[in-house]
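J.: no sequence on this one, just coordinates:
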């Protein structure tokens, strides 16, 4: 029997969940953020109280490992580490973009061909953190920080239907015009959606070194030069 406490703070959404043998039995979530500093501790206390009530002990803490908000990730990971040390239990890190992909894969039915799932987190302007997965949640293209243009995913869209999801996908709708592109709205990384991935990692023994674990930060973007860039000359 496995009991996991899940923490997700990679975006403005703050959420905590509990699972038993891969099934959720507690969830707290707030979409009115960022409010992690104020709410995360409260949600965790409620989760721990529920565990006490059910006479359960957490076997591991699962935390969203990034990419995402620098501040949000640090708050979540700090809380997760504290719980791991306090309970003397291991840490499981779940890639944030895989949380998004797992949710939409579960919601969509198999179709002809091999659809891909492009999970995107908003960065700024037309910048996103993105990765592509197949229906087996295998990563088809590694996580990147990139500026989205009409050509960014053209090679994938030429061969596959691609589901675009996450809070970075909305701003790409006008840029990506392919009929093979399907945009899935209102998909956020939530603690309850971490459960299937975290359970797999825990059962496989894929645990982190709690003392040295750091979230996966992405800061560099694949820069492009605007076609209408104006140059000025120094007269000195």
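T.: That came through, no problem. None of these values were measured; they are calculated from a predicted model.
J.: What segments of the chain are strands?
T.: Taking DSSP state E as the test, the strands found in the chain are 3-8, 14-20, 23-30, 60-64, 91-94, 116-124, 127-133, 139-147, 162-165, 181-184.
J.: Which parts of the protein belong to which domain?
T.: Split into domains by automatic domain parsing, the chain comes to 3-96+189-203, 97-184.
J.: tell me the most buried of those?
T.: Of all the domains of the chain, domain 3-96+189-203 has the most neighbours on average by mean count of other C-beta atoms under 10 Å, namely a mean of 20. All C-beta atoms are positioned from the backbone trio N, CA, C, and that covers glycine.
J.: The most centrally placed residue in the chain and residue 194, how far apart?
T.: Nearest residue to the geometric centre of the chain (C-alpha atoms, centre = their mean): residue 96, 2.0 Å. With distances taken as C-beta to C-beta, to the nearest Å, residue 96 is found 9 Å from residue 194.
J.: Now the common contact residues for these two.
T.: Shared contacts of residue 96 and residue 194 (C-beta atoms under 8 Å, 6 or more residues apart in numbering): 8, 64.
J.: can you give me the helices in the chain?
T.: For the chain, the helices defined by DSSP state H occupy 36-53, 70-87, 96-107, 154-157, 191-203.
J.: The residue nearest to the centre of the chain contacts residue 13, doesn't it?
T.: No - Residue 96 lies out of contact with residue 13 (C-beta atoms under 8 Å); the separation is 11.3 Å.
J.: what residues do these two have in common as contacts?
T.: Listed as contacting both residue 96 and residue 13 by C-beta under 8 Å, 6+ apart are residue 189.
J.: tell me the contacts of residue 182?
T.: Residues near residue 182 by C-beta under 8 Å, 6+ apart: 161, 162, 163, 164.
J.: bridging residues for it?
T.: Under DSSP bridges, the beta-bridge partners of residue 182 are residue 163.
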